[in-house]
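>>> Prediction below, plus the sequence it came from.
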Amino acid sequence: MTKTLHFKNTSISYTDQGKGTAVVLLHGFLENKKMWNAFIPEWSKKFRIITIDLLGHGETECMGYVHSMENNADAVHEVLSELRLRKTILVGHSMGGYVALAFAELYPDVVKGLVLLNSTSRADSDERKTNRDRAIKAVKQSFQNFISLSISNLFSEENRERLSEAIDNVKQEALKTPLQGIVASLEGMKIRVDREVLLHLTPYPKVLVLGEKDPVLNYEETKEQIEDTQVQLLSFPDGHMSHIENQEALQEELLLFFKSI
């Protein structure tokens, strides 16, 4: 059952199912809270699962022309305040991971555990920033082409045929994202700060989930962030979409992690 609250004149959409320790699931760029639908039935048997549409995605409205990771983190915090949750485990896919890290910096006492799913704590390189600007131009020129290419490029090449139906579903959901939401998120990701220090200094358990053939995040480079830390590494042999490409294994591994906290 979807619920809505208003934060800074913006309608925020979320779901809340199950009982127990709260686990907040944050989707990535061009995704929405429905990306977690396959996981909720199992996880909500033991945990309270909250999914939130981030700014300008799904059923959550846009909030201006730049959706910073901090803006998103504040919206997430508003949902948790509404639900009177004092502690939570955060799981963020890709951009959702950037939001989870911003949340962890702004509201450290609320975080009980953190999962970065196909995500990174590092800021955009100059090259990535240039690519964000190119993406903004591309989406303004041809919305559908941009979505179609962006989504296909998230999966490892070997999976593009095998998972063609799932990829089509992801594209259909992505097409519902308004242009303003896409541009504002690209601007927000471009200006996000480096938060690698949180992987080293925060006291709660953390997991970094990576795909060895991720076309977006270089596996070896991203893995470097957790050298000399207590962060657990969970590697899969596929791309950027572990929740689809490695769904069953991911579901089991994260359930074990939630239970360990």
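Here it is on my side, so go on. Computed from a predicted model, the values in this text were never measured in an experiment. Residues are numbered from 1 along each chain as shown.
>>> Show the model's pLDDT score for Met1.
Met1 carries a pLDDT score of 86 in this model.
>>> just Trp43 next, same as before
pLDDT for Trp43: 98.
>>> same question, the one 4 residues further on
pLDDT, Phe47: 98.
>>> same thing with Lys140?
pLDDT, Lys140: 97.
>>> ditto for Met241
98.
>>> could you measure it against Gln144, distance?
Met241 sits 20 Å away from Gln144, going by C-beta to C-beta, to the nearest Å. The way it works is simple: take the backbone N, C-alpha and C, and place the C-beta from them, glycine included.
>>> Could you do Ala174 as well?
10 Å.
>>> cool, and His67?
22 Å.
>>> what does Leu101 give?
Noted for Leu101: a distance of 31 Å to Gln144, by C-beta to C-beta.
>>> Repeat that for Ser11.
For Ser11, the distance to Gln144 - C-beta to C-beta - is 26 Å.
>>> could you pull out the helices for the chain?
Secondary structure of the chain (DSSP state H): helices at 40-43, 69-82, 95-106, 126-141, 143-152, 159-162, 164-174, 179-190, 196-201, 219-223, 242-245, 247-260.
>>> Need the winner for burial among the ones you listed.
The highest mean neighbour count among the helices of the chain, using mean count of other C-beta atoms under 10 Å, belongs to helix 95-106: a mean of 26.
>>> Need the residues that contact that helix.
Residues external to helix 95-106 that are found in contact with it (C-beta atoms under 8 Å, 6 or more residues apart in numbering): 25-29, 31, 54, 68-70, 72-74, 76-77, 90-92, 110-111, 114-121, 185, 189, 192, 195, 198, 202.
>>> and the angle for it with helix 179-190?
Angle of helix 95-106 versus helix 179-190, following axes from the mean of the first three to the mean of the last three C-alpha atoms, to 10 degrees, is 60 degrees.
>>> how far does helix 95-106 sit from the chain's center?
With C-alpha atoms, centre = their mean, to the nearest Å as the basis, helix 95-106 stands 9 Å off its chain's centre.
>>> That helix to helix 69-82, inter-axis angle?
Using the same axes, to 10 degrees: helix 95-106 against helix 69-82 is 70 degrees.
>>> wait, doesn't His15 sit right on Lys3?
Residue 15: Thr, not His. Yes: the pair formed by Thr15 and Lys3 meets the contact definition of C-beta atoms under 8 Å, at 6.9 Å.
>>> Look at the two and report which has more neighbours.
Thr15 (19 against 13; other C-beta atoms under 10 Å).
>>> Once you drop chain neighbours, what's closest to that one?
Leaving aside its chain neighbours, Thr15 sits nearest to Thr51 (4.8 Å; criterion: C-beta to C-beta, 6 or more residues apart in numbering).
>>> again with Gln144
Leu175 is the one closest to Gln144 (C-beta to C-beta, 6+ apart), at 6.9 Å.
>>> try Thr222
Thr120 (5.2 Å).
>>> just Asp53 next, same as before
Thr60 (3.8 Å).
>>> So the one you found is in contact with Phe7, correct?
No: Thr60 lies out of contact with Phe7 (C-beta under 8 Å); the separation is 9.4 Å.
>>> And these two? Which one has more around it.
Set side by side, Thr60 and Phe7 show more neighbours around Thr60, with 24 against 20, by other C-beta under 10 Å.
>>> any idea how far the more buried one is from Asp109?
The gap separating Thr60 from Asp109 is 25 Å, by C-beta to C-beta.
>>> can you check Val91 too?
Look at Val91 and Asp109: by C-beta to C-beta, they are 19 Å apart.
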